[in-house]
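Visitor: Sequence first, then the predicted structure:
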Amino acid sequence: MKRLLLPLLLSVSPAFAQGADMGGMAMHSALGGYAMNRDSSGTSWQPDLGPAMGRMDMAGDWMLMSRLALTGVYDAQSGPRGDDMPFLAGMAMGMAQRDLGDGTLGFRAMLSPDPLMGRRGYPLLLASGETADGTTHLIDRQHPHDLVMELAGSYSRRLDDQSSVFLYLGYPGEPALGPPAFMHRASAVDDPAAPITHHWLDSTHVTFGVATAGVVLDDWKLEVSQFTGREPDQHRFGFDHPRMDSTAARISFNPDEHWSLQASWGHLNSPEALEPQVDETRYTASGTYVTDIGDEGSLAATLAWGLKSLSSGERLNGLLAEADYKPADLWTLFSRAEWEENAELVPGRIVRAGEVSLGAIRDFRLADHWKFGLGGLYAFDMTPGRAGYGNVPHGAMGFVRLVAE
């Protein structure tokens, strides 16, 4: 296992490919006979026209895939509740799969530099979720993700050319709940800021203990997960105890190459360490659209809804709309609009808040598989009254990034 994963994490020049042959091996998913481009984070789906997850190479009977993306950000959030801070974000990801009998065996690993930010993560007005120190809520900041974001294996067995059954095990991994995680989502992959609705939609993407069983029937997928409901603790370099005490189910449908739709439900047992007596039932629904524009352009857009129904009685909605537009190979424009009902921003009150952000990136080609980018974004925040955010709260980020493609 280590001999497979190490070269994957060191090979960092992704290329995009879809449903091609490499060395006589069909580039199908590890979970079924469909094209690999449909796969996103965990076992989630994106449109078939979405970008592949990395560069593909062959090593004997193994198909290897790798990706590296690093972003250096200077973050400035305004007002009494804001802060300024530089930070490094990104990922190093490796995958390996091979056909085995009538099925496919797969392995995945992903590392993040987020723990280098420190336990408090980075400033982000209106964000909430998890804890920095084990005693206080992390509010108006985005928490760092764990060093090891995924360490997972899967096995699928073909039923026919369009159908398969699969088993996915992760420690950590991602259960069948919500749309693809934001850093993998085709409509969000270029935005360095986490959505403020992260904990309504895709916050379970780093879960210490996941078992997912599913069936693929052509363009439909039905899957069920048993997983650990407790969010990762503040010790971001370690591995949390697997509890396997929560359940989720998701149905996904790709009606054509442009669209991917999902609806999911999950019961999370005691997700918050600071409120261990409170359970959460989460509902999500989302649609992602991807299309090519001309020879080099593309558009990806997502609309998503999430509802957190807490055993303490609160029902909290979150809405997200985002888009990523590439008018040409080395230019990217991105935007996001969000609205949330939040019980953590103001103690003792459920408040409504929102944010609209716009950003752009100009990349420069360094080599065949490498590019360096300069970008920035500006966020307009709609904050609740009497909450101490000051006049016209906003956020801004300037960033550089190193990506392979």
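Guide: Nice, I can see it.
Visitor: What residue, apart from its backbone neighbours, is nearest Asp329 spatially?
Guide: For Asp329, the nearest residue in space outside its immediate sequence neighbours is Glu296; the separation is 4.3 Å by Cβ to Cβ, 6 or more residues apart in numbering. All C-beta atoms are positioned from the backbone trio N, CA, C, and that covers glycine.
Visitor: contacting residues for that neighbour?
Guide: For Glu296, the set of contacting residues under the criterion of Cβ atoms under 8 Å, 6 or more residues apart in numbering consists of Lys326, Ala328, Asp329.
Visitor: Excluding chain neighbours, what is closest to Val400?
Guide: For Val400, the nearest residue in space outside its immediate sequence neighbours is Gly72; the separation is 5.1 Å by Cβ to Cβ, 6+ apart.
Visitor: do the same with Phe399
Guide: Skipping the residues right next to it in sequence, Phe399 comes nearest to Val73 by Cβ to Cβ, 6+ apart, at 4.3 Å.
Visitor: Just grab the bridge partners of that neighbour for me.
Guide: Residues in a beta bridge with Val73, per DSSP bridges, are Phe87, Phe399.
Visitor: where's it relative to Met117, distance?
Guide: Between Val73 and Met117 the distance is 10 Å, computed by Cβ to Cβ, to the nearest Å.
Visitor: Give the residues shared as contacts by those two.
Guide: Taking Cβ under 8 Å, 6+ apart as the contact rule, Val73 and Met117 both touch Phe87, Leu88, Ala89.
Visitor: Next up, the contacts around the residue lying closest to the second one once chain neighbours are set aside.
Guide: Meaning Leu88. In this structure, Leu88 finds its nearest non-sequential neighbour in Pro113, 4.9 Å apart by Cβ to Cβ, 6+ apart. Residues in contact with Pro113, defined by Cβ under 8 Å, 6+ apart, are Leu70, Leu88, Ala89, Gly90.
Visitor: What's the local residue count around the second one?
Guide: Counted with other Cβ atoms under 10 Å, the burial measure for Leu88 works out to 14 neighbours.
Visitor: For it, which residues are in contact?
Guide: Leu88 makes contacts with Leu70, Thr71, Gly72, Val73, Pro113, Leu116, Met117, as judged by Cβ under 8 Å, 6+ apart.
Visitor: again, 6 Å this time
Guide: Gly72, Pro113, Leu116 (Cβ atoms under 6 Å, 6 or more residues apart in numbering).
Visitor: and what of the third one?
Guide: Residues touching Ala89, when contacts are defined by Cβ under 6 Å, 6+ apart, comprise Thr71.
Visitor: and the next element down the chain from the helix or strand encompassing it?
Guide: Of the helices and strands defined by DSSP states H and E, Ala89 is found in strand 84-100. Downstream of strand 84-100, the first helix or strand assigned by DSSP H and E is strand 103-111.
Visitor: What is that next one packed up against?
Guide: Judged by 3 or more Cβ pairs under 6 Å, 6 or more residues apart in numbering; DSSP states H and E, strand 103-111 is in contact with strand 84-100, strand 148-160.
Visitor: Kindly reformat those as a markdown table containing mean pLDDT and distance to His241.
Guide: What follows is the helices and strands packed on strand 103-111, written out as a markdown table (pLDDT from 0 to 100; distance: least, Cβ to Cβ, whole Å):
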| stretch | mean pLDDT | distance to His241 |
| --- | --- | --- |
| strand 84-100 | 96 | 24 |
| strand 148-160 | 97 | 15 |
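Visitor: Looking at those strands, which is nearest to Pro393?
Guide: Closest of the helices and strands packed on strand 103-111 to Pro393 is strand 84-100, at 14.1 Å (criterion: Cβ to Cβ).
Visitor: quick one, that closest one and strand 148-160 angle?
Guide: 30 degrees (axes from the mean of the first three to the mean of the last three Cα atoms, to 10 degrees).
Visitor: what distance separates strand 84-100 from the middle of the whole chain?
Guide: Here strand 84-100 shows a centroid-to-chain-centroid distance of 11 Å under the convention Cα atoms, centre = their mean, to the nearest Å.
Visitor: If we go by neighbour counts, what in that strand is buried?
Guide: When burial is assessed from 16 or more other Cβ atoms under 10 Å, strand 84-100 yields the following buried residues: 85, 87, 89-99.
Visitor: how many neighbours does Tyr74 have?
Guide: Tyr74 sits with 14 neighbouring residues when counted by other Cβ under 10 Å.
Visitor: Just the element for the closest residue in space to Val165 that isn't next to it in sequence, please.
Guide: On the basis of Cβ to Cβ, 6+ apart, the spatially nearest residue to Val165 that is not a chain neighbour turns out to be Val215, at 5.1 Å. Secondary-structure element containing Val215, defined by DSSP H and E: strand 210-217.
Visitor: Can you list the helices and strands that the helix or strand following that strand packs against?
Guide: Per DSSP H and E, the first helix or strand lying C-terminal to strand 210-217 is strand 220-227. Using 3+ Cβ pairs under 6 Å, 6+ apart as the contact criterion, the neighbours of strand 220-227 among helices and strands are strand 210-217, strand 246-253.
Visitor: ok, strand 220-227: who's next to it in the sheet?
Guide: Sheet neighbours of strand 220-227, with direction, are listed as strand 210-217 (antiparallel), strand 246-253 (antiparallel) (DSSP bridges).
Visitor: picking that back up, closest one to Pro195 among the helices and strands packed on strand 103-111?
Guide: Of all these, it is strand 84-100 that lies closest to Pro195, at 13.9 Å by Cβ to Cβ.
Visitor: The closest one to strand 103-111, inter-axis angle?
Guide: An angle of 160 degrees separates the directions of strand 84-100 and strand 103-111 when computed by the same axes, to 10 degrees.
Visitor: before we move on, back to that, out of the contacts of Glu296, which end up buried?
Guide: With burial judged by 16+ other Cβ under 10 Å, the buried subset of the contacts of Glu296 is Lys326.
Visitor: Lowest pLDDT pick from the contacts of Glu296?
Guide: Within those, pLDDT reaches its minimum at Asp329, with 89.
Visitor: Pick out whichever of the contacts of Pro113 sits closest to Leu138.
Guide: Ala89 (16.3 Å).
Visitor: hmm, back to that, for the strand holding Val215, which outside residues touch it?
Guide: Among residues not part of strand 210-217, those counted as contacts by Cβ under 6 Å, 6+ apart are 32, 43, 163-170, 173, 175-176, 221-227.
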